[in-house]
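S.K.: sequence and predicted structure are below.
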Amino acid sequence: MEGINGLIQGFAVAATPENLLFALLGVIAGTFVGVLPGIGPALTIALLLPVTYNMPPSAAFILFAGIYYGAMYGGSTTSILLNAPGESGSMMTAIEGNKMARAGRAAAALATAAIGSFVAGTLATLALAFCAPYVVDIAIGLGSADYLALMVVAFMTVGALLGSSAARGFTSVGIGLVIGIIGLDAQSGSARFTFGVPLLLDGIDTVVLIVALFAMGEAIFLAAKMRKSKPKFMELKGRATMTREDWRRSWPAWLRGTVIGWPLGAIPVGGSEIPTFMSYALEKKLTKHPEQFGKGAIEGVAGPEATNNANAAGSLMPLLTLGLPTSATAAVILVAFQQYGLQPGPLLLEKEPQLVWGLVAALLIGNVMLLLLNLPLVGLWAKVLLIPTPYLYAGIATFALLGAYSINGSVFDVYIMLIIGILGYFLRQYGFPIAPLIIGAILGPLAETQLRRAMSIADGDFTQLVSSPFSIVAYSLVILVAIVPQVIKRWERRTAKEVGVLNEFEKASTTTEKV
Amino acid sequence: MTISVKNKGELVFAGLTLATGIFILVGTTFINEPVAASNVGPRFMPYAIGTLLTIASAFVVIDVLRGNSASPEEGELVDPTLPMNKRRVAMLLASVLAFAVLLEPAGYVIACALSFFGIAVTLGARLSWRVGVASIALSFAIYLLFTRPLGIFLPPGVLAGIL
């Protein structure tokens, strides 16, 4: 069992006192920012990239692993106490969880979310460890045409699934791809869309792009449209606990959520919205208390929250084994690998086993730390919401400026960040999703490389791109992706109407992914 | 068909992305293609990308013209239905610009303190000694942390001799 040996090796890497400290720092930083409205794991990792320039890669990735899971725990706290589904995957948690909080059952809602996240995260990470070596075995046999097909699948799914309409999703992917081609074309040496500016020859740095879209875009959005009233959140006294009855109703939901969430994350299709919804619908169907759904049913929190975490762990599979990011967070982790001159993909596990297994082990360790930190201290985390907004966001903007400058030591990048930040504002204001843009910018150049390789092998014959069985399956999937989500979206709306939460659902479904 | 004010902005933005798509298609014809270009030269991807962006944006334009506007991002802190607070946006952009302009001549500590101060006040911090102290403390702390233990260069500027 390659997976078990790998994990043992990974624990040896991750369990040094220094790396355990990095994992702890990561989960604390992740939970802290996860609780903050408007900031998620992708931005946190992007902001912390400059801090890690001179760190060994294993320490940096252990830190990032902690942030990744921590931000998800923090996000569910905000959903339940504030009814603010910061990311589309927390939408269902917010609907049922906030209803529970209003009925005075915040402690139970937070507990089922935290323990469910732990159970699902642990099982899903173990599944990742066991399956990854097999996926790598398959992936090594794939040719350039197959990789290109996978990337087309990724473009199609993130474009079609994220955001309020497919047209807007694809527009975002398109803008991202445009940003990706700016600069010198490495193969031909031709400058593309540099407008004679020498500093643009290197292209637009992806870290600058991410930090600009999220941090700068958010700051401008806040300046332009700040609410006059303060957000109201439910107070929580004491710790998150559950009764025996809550446990009995939660645990099957956690397991079902894991089973739904993980595979849908592990295959390269973007988005946690559909799996969490499927989990919610399933729990509603199986429950013995259907009258509670829409009014605060614990299964409606336990299932989707477990699904969301299992999905996040699953989405590391295409990233680590194929080099294919399917979420904004995965895209930032890919950039982090690139900073160290590493390219995620099937060869990564072979060349850098310590790094990959260390990362997986850190996810498991971080998950335990998060459970221990969150159950007794969840009330304390909620206090983060009391930090005055101006200081908080000025601090985030300061870190964004620092990151933009220090990535290349160039003031030019600060100006680029300002321009892209303004673009980010308009994307937010007009309902264009941001994650597809980032994936377009990062995957575009990689797709071009694969296309060129495939075409030179095929000697210019385009039909070769769709001749392998793998690529035929992938392109069939593309067509499927174009049809199925529309059906599911209709079904989501119908169910939302049934439980009488349509208005909140409509509101939530336009919330672009918190990243 | 009536076009509300909110739709107008959305229409302009979608129109701009459409224009960008067309611009990419036209601009690609000016990309220098070496004679010995391989099967996939430097123009292939830009053509594909320009086509995708043009078609997708055209659908968004049609969608908006039909009156289907996407709801903007809701948030706990922001209300997208409010009119844009132009004064605040201008103050924020000015703070960021000040950072970029001052960074190398004046040094990181001064540029960071001023921009933090500007952004905090823009986002509603009450003008008092607290904001000033926080700005200066933060910029010194970041400078010392990044240049010393983390070993990352930040321009010292006019404080070069002191720091």
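M.R.: Here it is on my side, so go on.

S.K.: which residue ranges of chain B form helices?
M.R.: For chain B, the helices defined by DSSP state H cover B:5-28, B:44-65, B:86-106, B:108-122, B:129-147.

S.K.: dump these to TSV, plus mean neighbour count, distance to chain A and mean pLDDT.
M.R.: Placement of C-beta: from N, CA and C, glycine included. Below are the helices of chain B laid out as TSV (neighbours: other CB atoms under 10 Å in any protein chain shown; distance: least, CB to the nearest CB, whole Å; pLDDT from 0 to 100):
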stretch	mean neighbour count	distance to chain A	mean pLDDT
helix B:5-28	17	5	89
helix B:44-65	20	3	93
helix B:86-106	18	4	95
helix B:108-122	24	4	95
helix B:129-147	16	6	92
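
S.K.: of those helices, which is nearest A:Ser410?
M.R.: helix B:86-106 (9.9 Å; CB to CB).

S.K.: name the next helix or strand downstream of the strand or helix carrying A:Met91, please.
M.R.: For A:Met91, the host element (DSSP states H and E) is helix A:91-102. Where DSSP H and E defines the elements, the next helix or strand beyond helix A:91-102 is helix A:106-140.

S.K.: pLDDT (mean, whole number) over that next one?
M.R.: On average, the pLDDT along helix A:106-140 is 92.

S.K.: so which elements touch it?
M.R.: Using 3 or more CB pairs under 8 Å, 6 or more residues apart in numbering or on different chains; DSSP states H and E, the elements in contact with helix A:106-140 are helix A:2-14, helix A:57-82, helix A:91-102, helix A:244-266, helix A:299-314, helix A:316-317, helix A:346-351, helix A:353-382.

S.K.: which strands and helices lie in contact with the fifth one?
M.R.: With contacts defined as 3+ CB pairs under 8 Å, 6+ apart, the packing partners of helix A:299-314 are helix A:57-82, helix A:91-102, helix A:106-140, helix A:244-266, helix A:273-286.

S.K.: which of the helices and strands packed on helix A:106-140 sits most buried?
M.R.: Most buried of the helices and strands packed on helix A:106-140, by mean neighbour count (mean count of other CB atoms under 10 Å in any protein chain shown): helix A:299-314, with a mean of 33.

S.K.: up against chain B, what does the stretch 251-400 of chain A have?
M.R.: When proximity is defined as CB under 8 Å from any CB of the partner chain, the stretch 251-400 of chain A approaches chain B at A:388-391, A:393-395, A:397-398.

S.K.: so which elements touch the helix holding A:Met91?
M.R.: Judged by 3+ CB pairs under 8 Å, 6+ apart, helix A:91-102 is in contact with helix A:57-82, helix A:106-140, helix A:273-286, helix A:299-314, helix A:502-509.

S.K.: right, and those helices - which one's nearest B:Val61?
M.R.: Minimum separation from B:Val61 across the helices and strands packed on helix A:91-102 (CB to CB) falls at helix A:502-509, 22.3 Å.

S.K.: for the record, mean pLDDT for the closest one?
M.R.: 51.

S.K.: hang on, the earlier thing: pull the CA atoms of the helix holding A:Met91 into PDB?
M.R.: What follows is helix A:91-102, C-alpha atoms only, in PDB (Å, rounded to 0.1, in the frame of the first residue of the first chain):
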ATOM      1  CA  MET A  91     -24.800  28.400   1.400                       C
ATOM      2  CA  MET A  92     -26.800  25.500   2.800                       C
ATOM      3  CA  THR A  93     -25.000  25.600   6.200                       C
ATOM      4  CA  ALA A  94     -26.000  29.300   6.400                       C
ATOM      5  CA  ILE A  95     -29.700  28.600   5.600                       C
ATOM      6  CA  GLU A  96     -30.200  25.900   8.200                       C
ATOM      7  CA  GLY A  97     -27.500  26.800  10.600                       C
ATOM      8  CA  ASN A  98     -28.600  30.400  11.100                       C
ATOM      9  CA  LYS A  99     -32.200  29.200  11.600                       C
ATOM     10  CA  MET A 100     -30.900  26.900  14.400                       C
ATOM     11  CA  ALA A 101     -28.900  29.800  15.900                       C
ATOM     12  CA  ARG A 102     -32.000  32.000  15.900                       C
END
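
S.K.: out of everything not next to it in sequence, what's closest to the spatially most central residue of chain B?
M.R.: Centroid check for chain B by CA atoms, centre = their mean gives B:Leu93 as the closest residue, at 9.4 Å. Computed as CB to CB, 6 or more residues apart in numbering or on different chains, the closest residue to B:Leu93 that is not its neighbour in sequence is A:Leu418, at 7.0 Å.

S.K.: neighbours of the one you found, just the number please.
M.R.: Counted with other CB atoms under 10 Å in any protein chain shown, the neighbours of A:Leu418 add up to 20.

S.K.: which residues sit in contact with the closest residue to B:Phe116 other than its chain neighbours?
M.R.: Distances taken as CB to CB, 6+ apart place B:Ser135 nearest to B:Phe116, at 4.4 Å, with adjacent residues excluded. Neighbouring residues of B:Ser135 by CB atoms under 8 Å, 6 or more residues apart in numbering or on different chains: B:112-114, B:116-117, B:120.

S.K.: so the residue nearest to B:Leu93 touches B:Ala100, yeah?
M.R.: Yes: look at A:Leu418 against B:Ala100 with CB atoms under 8 Å: they come within range, at 7.1 Å.
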